[in-house]
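Asker: Pasted the sequence and its predicted model underneath.
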Amino acid sequence: MNWKSWWRSAVADAAPKEWKVQDQLVIAGKAYNSRLLVGTGKYRDFEQTAEALDASGCDIVTVAIRRVNLGQHAGEPNLLDFLPQNRYTLLPNTAGCYSAEDAIRTLRLARELLDDHRLVKLEVLGDSGNLFPNVKETLKAAEVLVAEGFDVMVYTSDDPIIARELEQIGCCAIMPLASLIGSGMGILNPWNLKLIIEQSSVPVLVDAGVGTASDAAIAMELGCDGVLMNTAIAAAGNPVLMAHAMKLAVEAGRAAYCAERMPKRFYSAVPSSPSEGVISSRKP
Ligand SMILES: CC(=O)[C@@H](O)[C@H](O)COP(=O)(O)O
């Protein structure tokens, strides 16, 4: 069943307020109510991180295992002590890894630390300046991690050929960049994202480069299954308010996508109300 027929049968009689409950994001067999995934870096402190996560309504929280303490650094504040127990699904990520080997080692550590945790975000960088992914090393790491039983959500470029290879390897979600990590430049190539969305049978989530709420809404309107972001929220003047804005944007974008937008007309007007039978002396 394609999503459109599924959607029609699923929400045919549902009141709009019910639609979100039925339109869950499913990743590696688990359903989530929120399509917004949020990172935990760059906040003022863990209190602010917790408040922003709460305001975002997210269900999945990504954590850079090399940077954020989840218990691997004894004696230091532990993020988990600031989050409500069992509220979030943690998504350990390999931010800061520049080789397949490093990324694999980091995620094995995460698995030990988090009690046989399987859902992970793979990110292998290729350049410390532009933080572009090294797709060769990403493919290599994905092969090993999938074979070891990890559910791999993978950060990659917006190249549809690489995206297809990652799906064939068995990654459970493809996460192409919108633009450079931390740049806030929004979606640079919607056309490539569209190609990836159309060819993929696993969820496609934009990851990196979102700057403000409209970027997130556009990603969802394009048909992305979700959006992952960090800097747009953490580096906002008011991170908690921005987290709330992102929640609304992702929901609005998703609803607009599912509602199927009106056809665009190439710069030609159509009156909003019928012109026949109008009481007027003016000839059309
Ligand atoms: C948090 C995380 O996983 C980052 O590596 C990710 O790519 C986010 O990028 P932005 O900070 O640009 O949202």
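Answerer: On my side now, so go ahead.
Asker: pull the longest helix from the protein.
Answerer: helix 239-259 (DSSP state H).
Asker: what's that helix in contact with?
Answerer: Under the criterion Cβ atoms under 8 Å, 6 or more residues apart in numbering, residues 7, 16, 19-20, 23, 34-36, 38, 43-44, 48, 51-58, 210, 212-214, 216-223, 226-227, 229, 232-233, 236 lie in contact with helix 239-259. In short, each C-beta sits where N, CA and C put it, glycine included.
Asker: just stretch 43-61 next, same as before
Answerer: Contacts of stretch 43-61 (Cβ under 8 Å, 6+ apart): 27, 32-34, 36-40, 77, 79, 81-83, 88-91, 233-234, 239-244, 246-247.
Asker: Kindly report the same for stretch 157-169.
Answerer: Outside stretch 157-169, the residues that reach it (Cβ under 8 Å, 6+ apart) are 132-133, 135, 138-139, 142-143, 146, 154, 156, 174, 176-177, 188-189, 192-193, 195-196, 199-202, 204.
Asker: Just the buried subset of the contacts of helix 239-259, please.
Answerer: The neighbour count (16 or more other Cβ atoms under 10 Å) marks 7, 19-20, 23, 34-36, 38, 43, 52-58, 210, 213-214, 216-223, 226-227, 229, 232-233, 236 as buried among the contacts of helix 239-259.
Asker: So which of those residues reach the ligand?
Answerer: Restricting the buried ones among the contacts of helix 239-259 to those touching the ligand (Cβ under 6 Å from any ligand atom) yields Val210, Met229, Ala232.
Asker: Mind checking which of those residues land in strands?
Answerer: Using DSSP state E to define strands, the subset of these located there is Met229.
Asker: Can you tell me which of the ones next to the ligand among the buried ones among the contacts of helix 239-259 is nearest the ligand?
Answerer: Taking Cβ to the nearest ligand atom as the measure, Met229 is the one of these closest to the ligand, at 3.9 Å.
Asker: so who does the nearest residue to the closest one once chain neighbours are set aside touch?
Answerer: Using Cβ to Cβ, 6 or more residues apart in numbering and skipping residues adjacent in sequence, the residue nearest Met229 is Val210, 4.4 Å away. Neighbour list for Val210: Ala178, Gly184, Gly186, Ala216, Ala219, Val227, Met229, Ala232, Met246 [criterion: Cβ under 8 Å, 6+ apart].
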